[in-house]
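Participant: Okay, structure incoming, though there's no sequence with it:
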């Protein structure tokens, strides 16, 4: 279990749960908004775009409260994470991730992810550490046991090429098939 | 191998906006003129999206793990009772 997440959970979840229960929400709803708030918090932290004015706990509580008001008051229980992040403030997740993708692409993405999970776990872990968690090259080299940043960088690109090849091969096959 | 790594790097710099504005512009001109490069760029962007989705799934899994532990493990009984108590209907 991740100890940093556990510490935040113990400290912040009771306040979120109290807020949601006082407004007629359920335990499951409190858990959902709390998890979404944590997802947003971590993505901002990884991006380096976190502007903490009131401490970590207050910040996460603030996002959860905002999400509760937005989603449950407006009756929008299932909103994609990108939209939630975009709604929370204007910094967003950056233009590099095309969010205006097509449904066929999303469906084949889900299939491809399963293939990659089975075929190349270490590559996927490495790529997410770099592109999602945004670790620096030195941290990446240390985490994955490379002798230096140079070999870590080469391996990272080899992994990226592998994912790119799988994505291309699988989507072409799948998207042809559904047409 | 070296050339293809270089190409990945160049496409990455463009997609992740790490190139200078002048280089970005130059790259956009190249994309207009070179359909193969356009294709290549498209697949790389899809690859990044898959990586992000994978990262998010892993992150959600970690949150679920913590949630399950805190609401099942006897060591956290006090915490669990405090939270669940908030949702008890009062008669």
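Facilitator: Yep, it's here. All values derive from a computational prediction rather than experimental measurement.
Participant: residue ranges with poor pLDDT in chain A?
Facilitator: Scanning chain A with the threshold set as pLDDT under 70 gives A:73-81, A:83-104, A:118-119, A:174-179.
Participant: likewise chain B?
Facilitator: Counting by pLDDT under 70, chain B shows low-confidence ranges at B:1-2, B:90-91.
Participant: Give the buried residues for the host helix or strand of residue B:5.
Facilitator: Mapping residue B:5 onto the secondary structure by DSSP states H and E places it in helix B:2-15. In terms of neighbour count (16 or more other C-beta atoms under 10 Å in any protein chain shown), helix B:2-15 has its buried residues at B:5, B:8, B:10-12, B:14-15. Yep, even glycine has a C-beta here, placed from its N, CA and C like the rest.
Participant: can you put the residues you listed in TSV and add distance to residue B:81?
Facilitator: Formatted as TSV, the entries for those read as follows, by distance: C-beta to C-beta, whole Å:
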residue	distance to residue B:81
B:5	56
B:8	53
B:10	57
B:11	54
B:12	50
B:14	54
B:15	49
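Participant: Same list, those residues, but only the ones touching chain A.
Facilitator: The subset of the buried residues of helix B:2-15 lying close to chain A, counting by C-beta under 8 Å from any C-beta of the partner chain, consists of B:5, B:8, B:12, B:15.
Participant: Now the residue sitting nearest the centre point of chain B: which helix or strand?
Facilitator: Within chain B, one residue has its C-alpha closest to the average C-alpha position: by C-alpha atoms, centre = their mean, that is residue B:52, at 2.0 Å. With elements taken from DSSP H and E, the one containing residue B:52 is helix B:35-72.
Participant: how about the residue of chain B found nearest chain A, what does it touch?
Facilitator: Using C-beta to the nearest C-beta, the single residue of chain B nearest to chain A is residue B:55, 2.9 Å away. Taking C-beta atoms under 8 Å, 6 or more residues apart in numbering or on different chains as the definition of contact, the neighbours of residue B:55 are A:128, A:131-133.
Participant: Tell me which two of those sit farthest apart.
Facilitator: Of all pairs drawn from the contacts of residue B:55, the greatest distance, 8.1 Å, lies between A:131 and A:133 (C-beta to C-beta).
Participant: Between those two, which is the more surrounded one?
Facilitator: Neighbours per residue (other C-beta atoms under 10 Å in any protein chain shown) separate residue A:131 from residue A:133, with residue A:131 holding more: 22 against 18.
Participant: ok, how many other residues are close to the closest residue in space to that one that isn't next to it in sequence?
Facilitator: Nearest in space to residue A:131, with sequence neighbours left out and distances taken as C-beta to C-beta, 6 or more residues apart in numbering or on different chains, is residue B:51 at 4.9 Å. Using other C-beta under 10 Å, residue B:51 has 26 other residues around it.
Participant: Could you pull up phi and psi at residue A:144?
Facilitator: With angles defined as degrees, to the nearest 10, residue A:144 shows backbone torsions of phi -100, psi 10.
Participant: so it touches residue A:123, yeah?
Facilitator: No. Under the criterion of C-beta atoms under 8 Å, residue A:144 makes no contact with residue A:123, lying 10.2 Å away.
Participant: So which of the contacts of residue B:55 sit within helices?
Facilitator: Counting by DSSP state H, none of the members of the contacts of residue B:55 fall within helices.
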